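Engineer: Give me a 3D structure for the following:
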Amino acid sequence: MVTLTDVDIIQLLRKNNLNQDTFQENVVKKLREKGLKVATAESCTGGLISERITRVSGSSEVFDCGICSYANAIKMKVLGVREDTLAILGAVSAETAIQMAEGVKKLSGADIAVSTTGIAGPTGGTAEKPVGLVYMGVCTKEKAYAVKLMLGGTNAQNSRAYIRKLASDAALFTVLSECHSS
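Structural biologist: Numbering: from 1, shown residues only. Okay, the predicted model is just below:
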C-alpha cells in the first residue's frame with residue numbers, strides 16, 4: 001500500500017501545477033470531459049470533499065452522491081462496511097476505507113468512488129493510530145484500493161483543519177489521476 005505524507009501531497013500538487021485552493025475546478029472539468037461521475041463516502045473529512053466538488057459550477061453533471069458516515073452504524077447500514085471489519089480492524093483501517101468506497105460506488109452507480117476515514121485530532125490518536133492517520137479508499141470499475149496518509153506532524157502541523165484539508169486534497173488528486181486512467 002502506498003503511504004503519503006503531507007509533504008508528499010503538497011509536492012504532488014506543485015509538480016502538477018495544481019493550486020491547493022482551486023484544483024477542484026480541474027477535477028470537475030476533467031470528469032466532465034471524460035463523461036465520468038464521482039461519489040464520496042467521508043468520515044474524518046466530514047463532507048469537505050463533497051463541498052469542494054459542489055463549490056464548482058456545473059458539478060451536478062459529475063456528482064450525484066456524497067455520504068457523510070461518521071458513525072460506524074452508518075458505515076454498516078448505508079455503505080455496507082462489514083461489522084467484523086469494524087470490530088477487528090476498526091473504523092480507521094485500509095479495509096474500512098475500501099469497503100466505504102465500494103459501498104458508495106454501488107449505492108450511487110458512480111464511475112469513481114473515494115472515501116476517507118481517519119483521526120483528524122487533535123484528540124483520539126494512539127501509538128498505533130496517531131492523529132493525522134487517514135486511509136483513503138478508491139473504487140473504480142476495474143479496481144479497489146487504499147492509500148495510507150500520514151498527515152499529522154511532518155511540520156508540526158497537526159491541526160484538525162490542516163489534516164482534513166490535506167485528506168481532501170489527496171482524495172481530489174486521486175480522482176483526477178483516475179480520470180486520466182479512464
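Engineer: low pLDDT regions in the protein?
Structural biologist: Applying pLDDT under 70 to the chain picks out residues 153-158.
Engineer: in it, which spans are helices?
Structural biologist: 6-15, 24-34, 48-54, 72-77, 83-88, 94-108, 160-181 (DSSP state H).
Engineer: which one of the ones you listed lies closest to residue 144?
Structural biologist: helix 94-108 (5.1 Å; C-beta to C-beta). Any C-beta I mention is one placed from the backbone N, CA and C, and that applies to glycine too.
Engineer: Can you give me the buried ones in that closest one?
Structural biologist: 94-105, 107-108 (16 or more other C-beta atoms under 10 Å).
Engineer: same thing with stretch 76-84?
Structural biologist: 76, 78-79, 81.
Engineer: Mind listing the residues bridging to residue 136?
Structural biologist: Residue 136 forms beta bridges with residue 116, residue 147, as assigned by DSSP bridges.
Engineer: how many neighbours does it have?
Structural biologist: As a burial measure, residue 136 scores 30 neighbours (other C-beta atoms under 10 Å).
Engineer: swap in residue 9?
Structural biologist: Considering only other C-beta under 10 Å, residue 9 is surrounded by 19 other residues.
Engineer: of the buried residues of helix 94-108, closest to residue 159?
Structural biologist: residue 97 (22.1 Å).
Engineer: nearest residue to that closest one other than its sequence neighbours?
Structural biologist: residue 137 (3.3 Å; C-beta to C-beta, 6 or more residues apart in numbering).
Engineer: I'd say that neighbour and residue 105 touch.
Structural biologist: No. Here residue 137 does not reach residue 105: they are 9.7 Å apart, not a contact under C-beta atoms under 8 Å.
Engineer: Overlap in contacts, these two.
Structural biologist: residue 113 (C-beta atoms under 8 Å, 6 or more residues apart in numbering).
Engineer: Show which residue of this structure lies farthest from the average position.
Structural biologist: residue 127 (22.9 Å; C-alpha atoms, centre = their mean).
Engineer: ok, that one to residue 99 distance?
Structural biologist: 25 Å (C-beta to C-beta, to the nearest Å).
Engineer: what's the answer for residue 86, then?
Structural biologist: 9 Å.
Engineer: Okay, the residue farthest from the centre of the chain and residue 116: tell me how far apart.
Structural biologist: 22 Å.
Engineer: circling back to that earlier point, who wins for proximity to residue 123 among the helices of the chain?
Structural biologist: Nearest of the helices of the chain (C-beta to C-beta): helix 160-181, 9.5 Å.
Engineer: C-alpha coordinates for the closest one, PDB please?
Structural biologist: C-alpha atoms of helix 160-181 as PDB (Å, rounded to 0.1, in the frame of the first residue of the first chain):
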ATOM      1  CA  ARG A 160      -7.800  19.300  12.600                       C
ATOM      2  CA  ALA A 161      -8.300  21.800   9.700                       C
ATOM      3  CA  TYR A 162      -4.900  21.000   8.200                       C
ATOM      4  CA  ILE A 163      -5.400  17.200   8.300                       C
ATOM      5  CA  ARG A 164      -8.900  17.400   6.800                       C
ATOM      6  CA  LYS A 165      -7.800  19.800   4.100                       C
ATOM      7  CA  LEU A 166      -4.900  17.600   3.100                       C
ATOM      8  CA  ALA A 167      -7.000  14.500   3.100                       C
ATOM      9  CA  SER A 168      -9.500  16.200   0.800                       C
ATOM     10  CA  ASP A 169      -6.600  17.300  -1.400                       C
ATOM     11  CA  ALA A 170      -5.300  13.700  -1.600                       C
ATOM     12  CA  ALA A 171      -8.800  12.500  -2.500                       C
ATOM     13  CA  LEU A 172      -9.400  15.100  -5.200                       C
ATOM     14  CA  PHE A 173      -5.900  14.400  -6.700                       C
ATOM     15  CA  THR A 174      -6.600  10.700  -6.800                       C
ATOM     16  CA  VAL A 175     -10.000  11.300  -8.500                       C
ATOM     17  CA  LEU A 176      -8.100  13.500 -11.100                       C
ATOM     18  CA  SER A 177      -5.500  10.700 -11.500                       C
ATOM     19  CA  GLU A 178      -8.200   8.100 -12.000                       C
ATOM     20  CA  CYS A 179      -9.800  10.300 -14.700                       C
ATOM     21  CA  HIS A 180      -6.500  10.200 -16.600                       C
ATOM     22  CA  SER A 181      -6.500   6.400 -16.300                       C
END
